[in-house]
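> what's the 3D shape of this:
(2 chains)
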Number of protein chains: 2
Amino acid sequence: LCEHQEKQIGFPGTRDYSPKQMAIRERVFTAIINCFKRHGAEVIDTPVFELKETLTGKYGEDSKLIYDLKDQGGELLSLRYDLTVPFARYLAMNKITNIKRYHIAKVYRRDNPAMTRGRYREFYQCDFDIAGQFDPMIPDAECLKIVHEILSDLQLGDFLIKVNDRRILDGMFAVCGVPDSKFRTICSSVDKLDKVPWEEVKNEMVGEKGLSPEAADRIGEYVQLHGGLDLIEQLLQDPKLSQNKLAKEGLGDMKLLFEYLTLFGITGKISFDLSLARGLDYYTGVIYEAVLLQQQNDHVEDPVSVGSVAGGGRYDGLVGMFDPKGRKVPCVGVSIGIERIFSILEQRVEASEEKIRTTETQVLVASAQKKLLEERLKLISELWDAGIKAEILYKKNPKLLNQLQYCEETGIPLVAIVGEQELKDGVVKLRDVATREEVNIRRENLIEEIRMRTSQL
Amino acid sequence: LCEHQEKQIGFPGTRDYSPKQMAIRERVFTAIINCFKRHGAEVIDTPVFELKETLTGKYGEDSKLIYDLKDQGGELLSLRYDLTVPFARYLAMNKITNIKRYHIAKVYRRDNPAMTRGRYREFYQCDFDIAGQFDPMIPDAECLKIVHEILSDLQLGDFLIKVNDRRILDGMFAVCGVPDSKFRTICSSVDKLDKVPWEEVKNEMVGEKGLSPEAADRIGEYVQLHGGLDLIEQLLQDPKLSQNKLAKEGLGDMKLLFEYLTLFGITGKISFDLSLARGLDYYTGVIYEAVLLQQQNDHVEDPVSVGSVAGGGRYDGLVGMFDPKGRKVPCVGVSIGIERIFSILEQRVEASEEKIRTTETQVLVASAQKKLLEERLKLISELWDAGIKAEILYKKNPKLLNQLQYCEETGIPLVAIVGEQELKDGVVKLRDVATREEVNIRRENLIEEIRMRTSQL
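Prediction:
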């Protein structure tokens, strides 16, 4: 399969989707869209490019990955980097203060593609966001419920949703002695902890970013903590953190969040994790990331993460950046990363040798003798007009064997065969491809018979 | 509505889709996808950008409208201009010689946007194509049947599908005395006949493109011809055209096409029209374009075209341009232009005051008293897990009136009300928003009751 995938890459970092891949992709989209609709979301769409200035200053260190369009006269444009910033621009531009929407579309990043890890320069995001001034943590809890529902539905195996809060991180940085001006850049370093070991992150903080080794060590102690309500209670009693206003606010909300998640019955898969940072600049409150877990081969060690499949958080300041008067609209949302999920399901289909149909054709209109093209065209036209999914071979005089073989290959369950005798008798021979049984059906009953036979499929 | 649309434009030539617009858009897509699937098409997807060289030399005079990405290191990339060239590139790259596929995606043109005419710089195309070596005109006829089915299904009013053939055009140019080297550029001029009068087109041919006035006048006589089988027969007898090999081939195939279209019963809406040229370089055989017709106010004159909504044709040489050995794969296809169709349907919805729901929520989980947030969260979690589409207001203590009002506004048909007494009795009060009837349902029967009540909607 991997070889096959490679062949389909137009140039590094993008790929075409073959009909078989599309069939798998549609299954994933259906599960995700069903979940978003179950939670009452509307749907919107925005252009693939935005004014360059719209994206500027929203993504921190990742801004270098934005694709710009060539200046061919007119506005300077960039391809969207995510769906969150266009959503915020949309809310501000249309003065919408209250909406729950989903948006499924491709986003673009000038990343070094690592296709084996399921990363591409063009990839889908499936975003669900709730905008509006509401009572604390109720929409935030719903976003986590949504991630839990989707990952359970798709049966991707074990998963874990890590949760943290930007205010807890900032409070932690403050009490560890990080100067205010370095909060964002130190946060970017912490964000790398899921990929590189602590020592390397510490080196970056101290060496590149000029943090004192003592401050870094204090951070090092906090970021190894993870747990549930117990840990939240413990940190609310922490002599340093509890004195910090931001951290206290964040921890209070985290406690409320866990209470709601308990009511939803999903705390078993949620971990409050102080090492979770998320790189984007615009988060202001709770943040989260879902990772798939894989049992190690020896089954002794803990399962390890095989990569992030969803992430999100609260961004209360972003809409205000696009409003002329700076009016804020609090938002919280989640983005499902489809590519890794898709890769897993694709591998699973290959391994199981499951046969995936790439069309929904119910019947092939065939002929047993030569010179019956006109009759085939007349019959198929009747079927199409009645809403039946039907095909013919595009040959004047196809062999019956070739027509039957086409059905076997593509999974078409029925063949409607016209022949001289059938035409005289006013019937069509209907053949069941699987059982090879054939019966003559009166022409006026054919449509009903095909509907009846294919409704159980 | 137009004002509303204007507000939603991020910058000239693109637009956001609001939830209401998306609901209309989904209806149109569903009708089109159903038709493509009825004809046995698979679906593929390709990246939004292609290598710049892939698009070069495929679009004739329109090439200047291609959007290029900025050179930020790496390959030179352009946004796709249509879905046909990426399809041909996909076939050649994957050595596919036989496929029937559809592809629905956005394409990009640096056009002067005329939004009132439903033209944008970013817009959807819905393409259906048949690739493979087949007997003449059978796939071509199916493409026209598809256009006929979709435009009939969408109930857009009267329409006409104009048909011509590049070989007939080239033969006509030859017998009119156009030098070979000017065929393409004269063809581009003819393509403008649906927008500007003949005199202007003639001036362009003679003045800008250096054609002799006599040759232009001879073209002028042919391009006013349109009709059906009669006209084809007449031109097959035309003393000049009938001597030209290309024209004769084209006319022979046109005759066959009309025979198949007669079997499909759709010739009433098809016009063989010698003025139809279509600007793109890659067509090699039959070409077609569907226009919507509008009755003039006085109802005396013929109905006039209000714009093209679909177009396509045969392009037998395009795939070979991407194959290292130049191996050809004959193709024919059609592209449905969704934006104009969408505008028409949107205006119709506005005029009819039809209320369009933008969510599918079946039930709002509400409370009649304060301090019941936890109970609401528990209940809605049960409903979500059972697949019921449900919402709550994100407030700790919402007023019942506000909750009922939310249902009225958004069209939610049912309210599940929890209260102290109901909790004690093990029931939920289920309210029908339209009739205002309320009944107590035992908690264990609630899911079944909601399913039953909303299955008829």
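> From here on, just use CA atoms for contacts and neighbour counts.
Will do.
> helix/strand/coil for A:Tyr124?
With DSSP: H, G, I helix; E, B strand; the rest coil as the basis, A:Tyr124 sits in strand.
> Contact residues of the stretch 101-250 of chain A facing chain B?
For the stretch 101-250 of chain A, the contact set with chain B under C-alpha under 8 Å from any C-alpha of the partner chain comprises A:122, A:134-135, A:138-139, A:149.
> Need the contact partners of stretch A:178-185.
Contact partners of stretch A:178-185, identified using C-alpha atoms under 8 Å, 6 or more residues apart in numbering or on different chains, comprise A:170, A:173-174, A:209, A:211, A:215, A:281.
> Please read the previous query as pertaining to stretch A:134-147.
With C-alpha under 8 Å, 6+ apart as the contact definition, stretch A:134-147 has outside contacts at A:35-36, A:128-130, A:253, A:256-257, A:260-261, A:264, A:266, A:286, A:290, A:310, A:313-314, A:332-334, A:336, B:394-396.
> in the strand or helix carrying A:Glu53, what counts as buried?
For A:Glu53, the host element (DSSP states H and E) is helix A:52-55. Under the neighbour-count criterion of 16 or more other C-alpha atoms under 10 Å in any protein chain shown, helix A:52-55 has A:52, A:54-55 buried.
> Which of those sits closest to B:Val85?
A:Lys52 (28.0 Å; C-alpha to C-alpha).
> And that closest one, what's its pLDDT?
Looking at A:Lys52, its pLDDT is 94.
> I'd say it and A:Arg80 touch.
No - the criterion here is C-alpha atoms under 8 Å, and A:Lys52 misses it with A:Arg80 at 9.1 Å.
> neighbours around A:Gly346, how many?
One thing to correct before we go on: residue A:346 is Glu, not Gly. Counted with other C-alpha atoms under 10 Å in any protein chain shown, the neighbours of A:Glu346 add up to 17.
> Provide a list of residues in contact with it.
A:Glu346 sits in contact with A:21, A:24, where contact means C-alpha under 8 Å, 6+ apart.
> How far away from the center of its chain is the helix or strand harbouring it?
Per DSSP H and E: A:Glu346 is located in helix A:338-352. Put simply, helix A:338-352 sits 13 Å off its chain's centre (C-alpha atoms, centre = their mean, to the nearest Å).
> ditto for stretch A:92-107
17 Å.
> Averaged pLDDT, that stretch. What do you get?
Here the average pLDDT along stretch A:92-107 is 96.
> what's around the closest residue to A:Ile150 other than its chain neighbours, how many residues?
Leaving aside its chain neighbours, A:Ile150 sits nearest to A:Ile32 (6.1 Å; criterion: C-alpha to C-alpha, 6 or more residues apart in numbering or on different chains). A:Ile32: 25 surrounding residues under other C-alpha under 10 Å.
> Show me chain A divided up by domain.
Segmentation of chain A into domains, based on automatic domain parsing, reads A:2-352, A:363-455.
> Report whether the shortest one contacts chain B.
Meaning domain A:363-455. Yes - judged by C-alpha under 8 Å from any C-alpha, domain A:363-455 comes into contact with chain B at A:374, A:377-378, A:381, A:384-385, A:387-391, A:394-396.
> which intervals of the stretch 251-400 of chain A have sub-threshold pLDDT?
Scanning the stretch 251-400 of chain A with the threshold set as pLDDT under 70 gives A:295-306.
> What strand or helix carries A:Gln421?
helix A:420-425.
> Only the buried residues of that helix, if you could.
Residues of helix A:420-425 classed as buried: A:Glu422 (neighbour count, 16+ other C-alpha under 10 Å).
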